[in-house]
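Q: here's my sequence, what's the structure:
(chains A and B)
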Amino acid sequence: MNLKPLLEPKTMAVIGVSATNERHPANVIFDKNNHRYPVEVFAVNPKGGRLHDEKLYSRINDLPKKIDLAVIAARAEFVPDVVSQCIKAGVKSAAVISGGFTEGGRKDLQDKIVDMAREASFPFIGPNCLGIYSPFHVDTFFLPIERMVKPNIGSVALVSQSGGILVDQMIKFSQQGVGMSKAISIGNKAFVREIDLLRYLVADSTTKVIAFYVEGFDEDEGRDFVLAAERSPKPVIIMKSGKSEAGHRAVSSHTASMAGDYASFKAAIAQHNILEAANEHELVSFCEVLSVYQQSIDGKIGIITASGGHGAMAVDACATEKISVPELSQETKDKLKNAVSDNVRTIASFNNPVDLTGSAIDDDFVACAKIMGATDEIDCIVFLLLPYIPGVTLDIGVRLSQVCKKYKKPIIAYVPHVEKYNMMIDGFELNGIPASSSIEGAVLMAKALMRK
Amino acid sequence: MLNKEIKSILDKSKQWGWVLEPDAKRILSLCGFQTPKYAVAKEPEEAIAATRKIGYPVVAKIVSPEIIHKSDVKGVVVGIKDDERLLKALEKFRKLPGFAGMLIDEMAAGVELIIGAKNDLQFGPMILLGFGGVGVEIYKDVSLRMAPLNKDHVESMMKELKAYPLLTGYRGSKPVNIAAVQSTLIRFSKLMMDIQDYFESVDLNPVMCDGKSCTIVDARIMLND
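A: Take a look at the predicted model:
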């Protein structure tokens, strides 16, 4: 299945653009692509006419160019006819935005378009979806441009069964400074499904991390998906909803009662090296860290902080996630002790967590990070920053990133995320160190790196 | 693994929606699993003759297409040591609905495991391993994987169980033959792949494991519609 015309179209037709209703979803899609994306866009309406300066083509066949992607926002009952016209006109793919199919009791309409698409090898996404946000290429979301929060362009692709959850995650990714390469809403996933997009994204050079929001799979679809995901060289993350069992089905055996839908889901994805994000917080944390670091760790965490409380919280979080915070050798402790300023040496604690106290300055943190960077006793450094202590400067992020690069050892930072500290956060994130907004988040990031 | 005889047993069992225990045991032994020595008898003389061959002590179980949960109707008598108790059990079973015979099993001992399968809509056959008895019923100490299983899967499944030390020998108890547990699980997962068009769920409960081998003491195969 060639999805390139769908995800990176050069030419696009928006079908159902209204000459009178400017807030019609098709009009919003037409406008935003017409003005902001390199894709060449044509508006189609069976009645023809004009919208401002733009011609409305009455038939897909009349379009002056071969079309890569047709965005279909017509009423459900008209969609089979539109799809058939698209196929006849040689359109290469479609995004069916319209709702009112299986989810509205019209499985017959959905089956009709699936049958046509299958026969013609015509990939379409949806129906009942937002479609595709593909930076530098296209945006089929019918959301006005001024309402959308778009994360930076980056390397995380997110595929979602729910359009609403997808747009919400874009907000969260944006808040957390996580960049995205694609955001794809697949709705009823009648034709193009997770597994097709997985294959596409594995080959997509702009994507490093592939994340999914999944409500459920169809018969045997889960099996095919996990087997394909296991072969992916890029990390695959799933956030699942619908974990609670619907009602109490009568079960006739112990196994059936214990291997419920979610239990089976959880077991099958873990078995195939797919990371499960339990919630939005985990999703964004996992995506951020895996987009930065591709190496996997065993989980020997070295913690550096300026507060005993922060260290203790991090140790607890590590214990919960079954990640080791090993005791350091006497030799390493001595090295740490010798590396810091005189006034810190006498009051700091050099066990793991290394607590340099509120008297520490950038140089002290950097010196300790270097020693942890050099020793095999530690394979990942969690740095808990207290941005309000006087000895810390805006340079701390970039300086630690140099340590990280030199020793090829992942560093994960915790920095409170408030506007006041944005420049410090940027100092980490723009220099390639993921910075979590919570201590637990930083530990979750370390956990994600333990994936094999 | 799916040969003619297994297929014909499964086809025949469709009428009840599940496979009667002696048939389930036959399928398992055809596939190379270890089952206790067993026989089915309807009449007293038959029962005594069969038990002579197996040797006391034995377990007696009701065979009836109408009774899935045997213990619920007191359809299982364990630790039968003589003819008198054997015949008493038979007499009682004959009064139960749908009586089709009495299954006489050699007694097995060891660590009690449950090995099961569920045919999941999204993922196909899923394999469950757990500790039998209260282990599964109260502590829910089980692990799950998608079939077919390889050696790595099986190893991680065992280690995931909280009571794993019971398998390797805990406080002087004898360790079970880990290799036998592994091969039983792997073979079972293959069988489940082969019969995935037939089954809904399977409980091998208990599977008795000792230092030598794993013996499937009870098997329930629920078929799909």
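Q: report how many residues lie close to B:S183.
A: When neighbours are defined as other Cβ atoms under 10 Å in any protein chain shown, B:S183 has 17 of them. For glycine as for every other residue, the C-beta is placed from the backbone atoms N, C-alpha and C.
Q: that one - that's part of a helix, no?
A: Yes. Judged by DSSP: H, G, I helix; E, B strand; the rest coil, B:S183 forms part of a helix.
Q: state the distance from it to chain A.
A: As judged by Cβ to the nearest Cβ, to the nearest Å, B:S183 and chain A stand 19 Å apart.
Q: per-residue confidence for that residue?
A: Turning to B:S183, the model gives it a pLDDT of 96.
Q: roughly how far does it sit from B:D83?
A: Going from B:S183 to B:D83 by Cβ to Cβ, to the nearest Å gives 37 Å.
Q: do B:M158 as well
A: 41 Å.
Q: and what of A:A19?
A: Computed as Cβ to Cβ, the A:A19 to B:D83 distance reads 95 Å.
Q: higher neighbour count, the two?
A: A:A19 (17 against 14).
Q: now do the domain split for chain A, please.
A: Domain assignment for chain A, taken from automatic domain parsing, gives A:1-128, A:149-292, A:296-449.
Q: among those, which comes closest to B:I221?
A: B:I221 lies closest to domain A:149-292 among the domains of chain A, at 9.2 Å (Cβ to Cβ).
Q: list the contacts for A:I210?
A: Applying Cβ atoms under 8 Å, 6 or more residues apart in numbering or on different chains to A:I210 gives the contacts A:A157, A:V159, A:L198, A:L201, A:V202, A:S232, A:K234, A:P235, A:V236, A:I237.
Q: can you tell me the residue of chain A closest to chain B?
A: Distances between chain A and chain B by Cβ to the nearest Cβ are smallest at A:T255, namely 2.8 Å.
Q: please, which helix or strand holds A:A94?
A: Assigned by DSSP states H and E, A:A94 belongs to strand A:93-96.
Q: who does that strand pair up with?
A: Using DSSP bridges, the strands paired with strand A:93-96 are strand A:69-72 (parallel), strand A:124-125 (parallel).
Q: ok, residues contacting it?
A: Residues contacting strand A:93-96 (Cβ under 8 Å, 6+ apart): A:3, A:5-6, A:9, A:68-72, A:79, A:83, A:86, A:113, A:122-129, A:131-132, A:140, A:187, A:190.
Q: contact partners for A:K65?
A: Counted by Cβ under 8 Å, 6+ apart, A:K65 has contacts A:T11, A:E40, A:F42.
Q: the same query, at a cut-off of 10 Å, please.
A: A:K10, A:T11, A:M12, A:A13, A:E40, A:F42 (Cβ atoms under 10 Å, 6 or more residues apart in numbering or on different chains).
Q: same check on B:E5?
A: Neighbouring residues of B:E5 by Cβ under 10 Å, 6+ apart: B:R26, B:I27, B:L30.
Q: quick one: stretch A:375-390 to chain centroid distance?
A: In this view, stretch A:375-390 has its centroid 26 Å away from the chain centroid, taken as Cα atoms, centre = their mean, to the nearest Å.
Q: could you do stretch A:171-182 as well?
A: Chain-centre distance of stretch A:171-182: 7 Å, with Cα atoms, centre = their mean.
Q: can you pull out the helices in the stretch 251-400 of chain A?
A: Here the stretch 251-400 of chain A has its helices, by DSSP state H, counting those that start in this stretch, at A:254-258, A:261-271, A:280-292, A:308-320, A:330-339, A:342-345, A:362-374, A:396-407.
Q: pLDDT of the second one, averaged?
A: Taken as a whole, helix A:261-271 has an average pLDDT of 94.
Q: tell me how chain B divides into domains.
A: Under the assignment automatic domain parsing, the domains of chain B span B:17-33+B:109-223, B:38-106.
Q: next, see if the last one gets close to chain A.
A: Yes. Under the criterion of Cβ under 10 Å from any Cβ of the partner chain, domain B:38-106 makes contact with chain A via B:I68, B:H69.
Q: ends of that domain, how far apart?
A: The straight-line separation of the ends of domain B:38-106 (Cα to Cα, to the nearest Å) is 6 Å.
Q: so for that domain, mean pLDDT?
A: 93.
Q: and that domain, how far out from the chain middle?
A: In terms of Cα atoms, centre = their mean, the centre of domain B:38-106 is found 16 Å from the chain centre.
Q: again with stretch A:303-316
A: 29 Å.
Q: and for stretch A:87-99?
A: 26 Å.
Q: rewinding a little: how about the strands paired with strand A:93-96 in JSON lines, adding mean pLDDT, distance to B:H153 and mean neighbour count?
A: Below are the strands paired with strand A:93-96 laid out as JSON lines (pLDDT from 0 to 100; distance: least, Cβ to Cβ, whole Å; neighbours: other Cβ atoms under 10 Å in any protein chain shown):
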{"stretch": "strand A:69-72", "mean pLDDT": "97", "distance to B:H153": "42", "mean neighbour count": "30"}
{"stretch": "strand A:124-125", "mean pLDDT": "98", "distance to B:H153": "34", "mean neighbour count": "29"}
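Q: for A:P387, which of the ones you listed is the nearest?
A: Using Cβ to Cβ, those put strand A:124-125 closest to A:P387, at 43.2 Å.
Q: what's that closest one in contact with?
A: Looking at what lies outside strand A:124-125 - Cβ under 10 Å, 6+ apart - the contacts are A:3, A:6-7, A:69-72, A:79, A:83, A:86-87, A:91, A:93-97, A:113-114, A:116-117, A:131-132, A:140, A:159, A:184-193, A:196-197.
Q: at 8 Å what do you get?
A: With Cβ under 8 Å, 6+ apart, strand A:124-125 has contacts from A:6, A:83, A:93-96, A:113, A:117, A:131-132, A:184-187, A:190-192.
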